[in-house]
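Engineer: From the sequence below, what's the structure:
(chains A, B, C and D)
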Number of protein chains: 2
Amino acid sequence: MNVTIKDIAARAGVSYASVSRALTGKPGVSDETRQKILKLAGEMHYQPNAMARSMVKKRTKTLGLIIPDILNPFFPEIARGVEDAAHARGYSIFLCNSSWNPQKERRYMELLVQRRVDGIILVPVDDHKSPADYRGLLEDRFPLLFLSAEADDPESLCLRVDNLLGGYMAASLVLKKGCRKLAFVGGESGKPGVNERLEGARRAAEEAGTVLPEERVVLSGFGMNSGVRAIRELLDGPDLPDAVIAENDDIAMGVLQGAREMGVAIPGELSVVGFDNIPASAIMGIDLTTIGQPKYKMGEMAVDMLLSHIDGDTSFSRQVVLEPVLIERKTT
Amino acid sequence: MNVTIKDIAARAGVSYASVSRALTGKPGVSDETRQKILKLAGEMHYQPNAMARSMVKKRTKTLGLIIPDILNPFFPEIARGVEDAAHARGYSIFLCNSSWNPQKERRYMELLVQRRVDGIILVPVDDHKSPADYRGLLEDRFPLLFLSAEADDPESLCLRVDNLLGGYMAASLVLKKGCRKLAFVGGESGKPGVNERLEGARRAAEEAGTVLPEERVVLSGFGMNSGVRAIRELLDGPDLPDAVIAENDDIAMGVLQGAREMGVAIPGELSVVGFDNIPASAIMGIDLTTIGQPKYKMGEMAVDMLLSHIDGDTSFSRQVVLEPVLIERKTT
DNA sequence: GTGAAAGCGCTAACAC
DNA sequence: GTGTTAGCGCTTTCAC
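Structural biologist: Just a heads-up that it's a prediction; the model follows:
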């Protein structure tokens, strides 16, 4: 098996407490024995057992990250931000894909608790969670951060983008370009962000003296295909839109495809704005105008907030709302 | 702090060994006390400490996954396959991004060893690794699997796609379409897969009675931009190609963009084949013909192979080479 | 400066 | 069927 501090102690002719002290850089060992031990540890290829250490320190230096699906292009960037920031501070990440399944999400929470992670970053399947939803599973004040979703409890850690503002920005842009008949196509009501984005767009429309009526809102599910379906429905209807705000880029790309197949000129006859600025939206030939989120940064910040909280720091805001950024390309 | 089996034992009025037996479903407890203990555990919200368990069982039920970069669209699918398969078998995954940096890769290996993962799935930065490269760090016969790369040691676990065949398939397709002046554009020689893909294409060309000369091979780095640069170089040269095989889809998309910007009709004047079948290649308006790898399945299989090995099974092949699949779209 | 010993939470012998 | 005990590898008192 693996080399332990006892093995080193035996070879060095000292107690294993001294080895521990030497290896962890603690005082209480003469420079001479410390050098000897360090040398021996190297030669014997000693690798400390992080679990044994965790058991006594009651800190595992691990974090759990639960996201809906790493295949969804929105999440890799977040995951990368989380991983980089965590690693920089000595933490490792358990990655979990909830597959948009609340039961699986819950199951993963349980697993992470059993592994005694020091904290969990949760990108929840459903919006408006609060730590109270995990009573019994999580101890009081367990370091849990809701990422990219709203938290109902103002005490809980939460980091997200201002979706209301995002919707407002998207609508304002097309309004400014002269569009008057806005449509909104989204996935499913109740999922994080959707309602706010719609509401923001609605407000912008009203401020501009027009409306975004219920008939031009279609909630048809996620993915490109649902965008295709949605735009067909809209285009087949009596009330043709001149702009569509899509709840995310995937859907927006479906809208683009569907519209082009029906011979609609973009942005000539129809403007399209997406959300999230996923990598594909930037590809030549797509060039989707979109409302971006600082995904990588959100991942980093989530770790910072969580670790601050773990370290007992209370000087930071527990709820952070970031501003989305307008990325204007060629579909508006 | 967390509830322990001692707390339960105290409340149940039994020894904590009995609690352990009851909770782990081991025989040696009467049905009556088992029920009582189970009930109590539920009420007290007991969550077993996985680390404590691991310490004595010398199995952590965790696996390490090291990939170059989760932002690269080739990897999320692999990661997802790994995570799903691992979870289904009770394992959790530590995710690590080496950022194409060999030192970071090594550092992560070390970290994973310290965390005593039961095995590591490594998608290496460089090709032709072998367990011997980790002597001193990894014990003999440590469960290490090389994914999507060649392993030099025939004894080591290795799962990859047949890149030679892939290159051959790509070239054969354009040759069949009548192309005669093939070019190859790739990232960097020595990175996993590149040389084999080129060699496969070369063989197909030769079998078809033509050649793929050195002048039409350009290795200009990764990413879309390098594809753009490469095709410009090729198109500015004296020896115009009528087909380009790109080492991966990103580069291929750059080639597409560069060629279109220079007014070259695709596939009329130039056929383009990519590699990997990343999600973006399927997008309407891109429709890249490509040689796909069963990425999700590779992730799953990697876990299966690794766990079989961990469980002492020796009946499976230690080196598995999967067949790539031709996905013909609109660029050929 | 150094060693002995307790203990983190659990499983697995071994008694009874 | 149940309790006692050792021990996984480490950190941390507490003596000396």
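Engineer: Tell me where the stretch 201-332 of chain A has strands.
Structural biologist: Assigned by DSSP state E, counting those that start in this stretch, the stretch 201-332 of chain A shows strands spanning A:217-219, A:243-246, A:271-276, A:289-292, A:319-322, A:325-327.
Engineer: Closest residue of the stretch 201-332 of chain A to chain B?
Structural biologist: Among the residues of the stretch 201-332 of chain A, A:Gly285 lies closest to chain B, at 4.0 Å counting by CB to the nearest CB. Just so you know, the C-beta spots here come from the backbone N, C-alpha and C atoms, and that holds for glycine as well.
Engineer: what sits against that residue?
Structural biologist: Contacts were defined as CB atoms under 8 Å, 6 or more residues apart in numbering or on different chains; by that measure A:Gly285 touches B:257, B:285-286.
Engineer: Distance of it relative to B:Glu83?
Structural biologist: Separation of A:Gly285 from B:Glu83 (CB to CB, to the nearest Å): 32 Å.
Engineer: rewinding a little: now go through the contacts of A:Gly285 and say which are in helices.
Structural biologist: Secondary structure assignment (DSSP state H) places B:Gln257 from these within helices.
Engineer: By pLDDT, give me the weakest of the contacts of A:Gly285.
Structural biologist: In terms of pLDDT, the lowest of those is B:Gly285, showing 81.
Engineer: Is A:Phe184 in a helix, a strand, or coil?
Structural biologist: The three-state assignment at A:Phe184 reads strand, by DSSP: H, G, I helix; E, B strand; the rest coil.
Engineer: Local confidence estimate at it?
Structural biologist: Taken from the predicted model, the pLDDT recorded for A:Phe184 is 97.
Engineer: what does A:Asp239 give?
Structural biologist: Here, the pLDDT recorded for A:Asp239 equals 89.
Engineer: Around it, count how many other residues there are.
Structural biologist: Here the count is done by other CB atoms under 10 Å in any protein chain shown, and A:Asp239 has 10 residues near it.
Engineer: for it, what are its contacts?
Structural biologist: By CB under 8 Å, 6+ apart, the residues touching A:Asp239 are A:181, A:213, A:215-216.
Engineer: and the nearest residue to A:Gly221 once chain neighbours are set aside, what are its phi and psi?
Structural biologist: Spatial nearest neighbour of A:Gly221, excluding adjacent residues (CB to CB, 6 or more residues apart in numbering or on different chains): A:Gly187 at 5.8 Å. A:Gly187 has phi and psi values of phi -80, psi -90 when expressed as degrees, to the nearest 10.
Engineer: list the contacts for A:Gly187?
Structural biologist: So, once contact is read as CB under 8 Å, 6+ apart, A:Gly187 ends up touching A:194, A:219-222, A:226, A:247-248, A:251.
Engineer: mind running it again at 6 Å?
Structural biologist: Taking CB atoms under 6 Å, 6 or more residues apart in numbering or on different chains as the criterion, A:Gly187 is in contact with A:221-222, A:247.
Engineer: in the longest helix along chain A, what's buried?
Structural biologist: As assigned by DSSP H, the longest helix anywhere in chain A is helix A:295-310. Judged by neighbour count (16 or more other CB atoms under 10 Å in any protein chain shown), helix A:295-310 contains these buried residues: A:295-296, A:298-309.
Engineer: Now do the same contact list for the closest residue to A:Val273 other than its chain neighbours.
Structural biologist: If you skip the residues right next to it in sequence, A:Val273 has A:Ala170 as its closest partner in space, 4.3 Å away by CB to CB, 6+ apart. Residues near A:Ala170 by CB under 6 Å, 6+ apart: A:245, A:273, A:291.
Engineer: Just the buried residues of the residues you listed.
Structural biologist: Applying a neighbour-count criterion of 16+ other CB under 10 Å, the buried members of those are A:245, A:273, A:291.
Engineer: tell me the contacts of A:Gly186?
Structural biologist: A:Gly186 makes contact with A:194, A:219, A:247, according to CB under 6 Å, 6+ apart.
Engineer: could you measure the second one against A:Lys191, distance?
Structural biologist: Looking back up the chat, that one is A:Leu219. Distance, A:Leu219 to A:Lys191, using CB to CB: 10 Å.
Engineer: ok, and for the strand or helix carrying the residue nearest to A:Val273, which residues are buried?
Structural biologist: Taking DSSP states H and E as the definition, one finds A:Ala170 inside helix A:163-176. For helix A:163-176, the buried set under the neighbour-count rule, 16+ other CB under 10 Å, comprises A:163-175.
Engineer: do the same with stretch A:126-137
Structural biologist: If you call a residue buried by 16+ other CB under 10 Å, then stretch A:126-137 has these buried ones: A:127, A:129-131, A:133-134.
Engineer: can you check stretch A:256-273 too?
Structural biologist: Of the residues in stretch A:256-273, those with enough neighbours to count as buried (16+ other CB under 10 Å) are A:256-259, A:264, A:266-267, A:270-273.
Engineer: swap in stretch A:221-231?
Structural biologist: When neighbours are counted by 16+ other CB under 10 Å, the buried residues of stretch A:221-231 are found to be A:222-224, A:226-231.
Engineer: about what we covered before: nearest to B:Ser54 among the buried residues of helix A:163-176?
Structural biologist: A:Asn163 (41.3 Å; CB to CB).
Engineer: Surely the closest one touches A:Arg197?
Structural biologist: Yes. Under the criterion of CB atoms under 6 Å, A:Asn163 is in contact with A:Arg197, at a separation of 5.0 Å.
Engineer: any idea how far the residue in the stretch 201-332 of chain A that DNA strand D sits nearest to is from B:Ala132?
Structural biologist: DNA strand D sits closest to A:Asp311 of the stretch 201-332 of chain A, with a gap of 15.3 Å, by CB to the nearest atom of the strand. Shown here: A:Asp311 relative to B:Ala132, a distance of 41 Å by CB to CB.
Engineer: for chain B, what are the nearby residues on the stretch 201-332 of chain A?
Structural biologist: Contact residues, the stretch 201-332 of chain A versus chain B (CB under 6 Å from any CB of the partner chain): A:257, A:280, A:284-285.
Engineer: Quick check: phi and psi on A:Asp242?
Structural biologist: Here is the backbone geometry of A:Asp242 (degrees, to the nearest 10): phi -110, psi 0.
Engineer: And A:Pro48, by the same measure?
Structural biologist: Backbone phi and psi, for A:Pro48 under degrees, to the nearest 10, turn out to be phi -60, psi 150.
Engineer: Which residues are in contact with A:Ala204?
Structural biologist: With contact set as CB under 6 Å, 6+ apart, A:Ala204 has these partners: A:168, A:171-172.
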